[in-house]
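Enquirer: Build me a model:
(4 chains)
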Protein chains: 2
Amino acid sequence: MKMYELILKNIAKHISLDEQEIACFTSFLKHRKISRKEFILKGEEICKYITFIHSGTVRAYYLDKAGKESTIMFAVADWWITDMFCFINQQPAMLTIEAVEESTIIQLSKDDLENLYIEVPKFERFFRIIFQNAYIREQLRVIQNLSLPAEERYHIFLTKYPQIVRQVTQKQIASYLGITPEFLSMIRANKHKK
Amino acid sequence: MKMYELILKNIAKHISLDEQEIACFTSFLKHRKISRKEFILKGEEICKYITFIHSGTVRAYYLDKAGKESTIMFAVADWWITDMFCFINQQPAMLTIEAVEESTIIQLSKDDLENLYIEVPKFERFFRIIFQNAYIREQLRVIQNLSLPAEERYHIFLTKYPQIVRQVTQKQIASYLGITPEFLSMIRANKHKK
DNA sequence: CGTCTATTTGAATGTACTCAAAAGCGGTGG
DNA sequence: CCACCGCTTTTGAGTACATTCAAATAGACG
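Expert: Numbering: from 1, shown residues only, chains lettered A, B, ... in the order given. Sure, this is the predicted structure:
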């Protein structure tokens, strides 16, 4: 099926599946199209799915009581995203996940994923690698947040995720870096020193 | 073997092993005692091992060019720790891992872990869960670093990790929170507002 | 084309840092 | 096991980085 070409390629990076395993896997998948600003997960909802981005761009953010948004991650085509804590524990989400532009997504529910682990144990390996990489990314981000000033974090973001930079607003980048949009604007204009 | 009771219990939380699998697993393990301030991993060395803490307390930190330490994680008994990025890619470490007090550790090399995945595939599941939890922890930390002021992060740390608080210095806690020891001192004395 | 939101600019403020020095405490060696 | 030395913690003054609030400008979507 054309729809599942990209996700199967994504999986083939780490494990190889035979025809039957592919059939089993794809039988669990649900795909849908979401429009700009539509929600994949809305705060307080139970996070039922782990989501693969087939095309487009989405953003996950935390919204505090004061209404401040903190962007936790962006995801573009070929990336996986979910509110992992709430997905695993099947409890109300902390994060809101929203499409930045029109996107097509493929989803796998918690129950189906558990069944998949049993029916095709190779997926334990696949997600072991996916989560290992996710852990490494978050750990690098913590290191940078602790050791680098906002300006350097911004420049690293620009060079590391150029495809994301094109799709999202500066306000969203600022909230990913942990600074205000006003301060990001000053960094860009180089007026923040003195 | 008495030495491996704790680590086997740790593993039994997520997978069950038969006699033979236990024998295979333990044959890969190396244990040793390290004294206070001794290094498990020193910056720039290749990170050969993933380490399980059998007893004691260790700390992983990033040391920048200016000599500033940023504590990435603490680990106490029953926890796993490594410089994941450098362990997976077998390249020079970014982190230094050092014993905070006398500790006993159990280590598994990258090669042995890869063999273990092949000989006892259940370990794919085990580490899938370990890394999943590690990812969740780091993601929660990023959320807190972005959305909460230093004072709240400190109070959350106190209630979340009381057993760590007892073992480490305030300087080390400050470097985990991303603030200076001087500022942490003011937070404790409640003299930081105005 | 109009409206709404994002971005920029500026002034005033607050949060956290640097540097320096005093006080406290703990580990290590005698 | 005690005393000393060195590192940790505290305190304070001055400063820098980043925020808030407000208002003007620019851009983008419907």
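
Enquirer: Give me the distance between the residue nearest the centre of chain A and chain B.
Expert: For chain A, the residue nearest the mean C-alpha position is A:Ile81 (3.4 Å; CA atoms, centre = their mean). Using CB to the nearest CB, to the nearest Å, one obtains 11 Å as the distance from A:Ile81 to chain B. Glycine gets a C-beta too; all of them are placed from N, C-alpha and C.

Enquirer: Likewise for A:Leu95?
Expert: As for A:Leu95, its distance to chain B is 8 Å (criterion: CB to the nearest CB).

Enquirer: and the longest helix along chain A, is it in reach of DNA strand D?
Expert: Assignment by DSSP state H gives helix A:122-147 as the longest helix of chain A. No: using CB under 7 Å from any atom of the strand, we find that helix A:122-147 stays clear of DNA strand D, coming within 10.2 Å at best.

Enquirer: Which SSE is immediately downstream of that helix?
Expert: Per DSSP states H and E, the first helix or strand lying C-terminal to helix A:122-147 is helix A:150-160.

Enquirer: Past that following helix, which element shows up next along the chain?
Expert: In N-to-C order, the element after helix A:150-160 by DSSP H and E is helix A:162-165.

Enquirer: Other residues contacting that next one?
Expert: Contact with helix A:162-165 is made by A:57, A:74, A:76, A:157-158, A:173, as judged by CB atoms under 8 Å, 6 or more residues apart in numbering or on different chains.

Enquirer: Tell me the buried residues within the residues you listed.
Expert: Burial by neighbour count, judged by 16 or more other CB atoms under 10 Å in any protein chain shown, picks out A:57, A:74, A:76, A:157, A:173 from the contacts of helix A:162-165.

Enquirer: Take those and keep only those in strands.
Expert: Cross-referencing the buried ones among the contacts of helix A:162-165 against strands under DSSP state E gives A:57, A:74, A:76.

Enquirer: so the first one sits right up against A:Glu102, yeah?
Expert: Right, A:Thr57. No: using CB atoms under 8 Å as the test, A:Thr57 is too far from A:Glu102 to be in contact (9.3 Å).

Enquirer: which SS class is whichever residue of chain A sits closest to DNA strand D?
Expert: Using CB to the nearest atom of the strand, the closest approach of chain A to DNA strand D is made by A:Phe183 at 3.2 Å. When classified by DSSP: H, G, I helix; E, B strand; the rest coil, A:Phe183 comes out as helix.

Enquirer: mind checking pLDDT for it?
Expert: Note for A:Phe183: predicted pLDDT of 97.

Enquirer: Counting neighbours, what do you get for it?
Expert: Residues lying near A:Phe183 (other CB atoms under 10 Å in any protein chain shown) number 15.

Enquirer: ok, now how distant is it from chain B?
Expert: From A:Phe183 across to chain B, the span is 14 Å (CB to the nearest CB).
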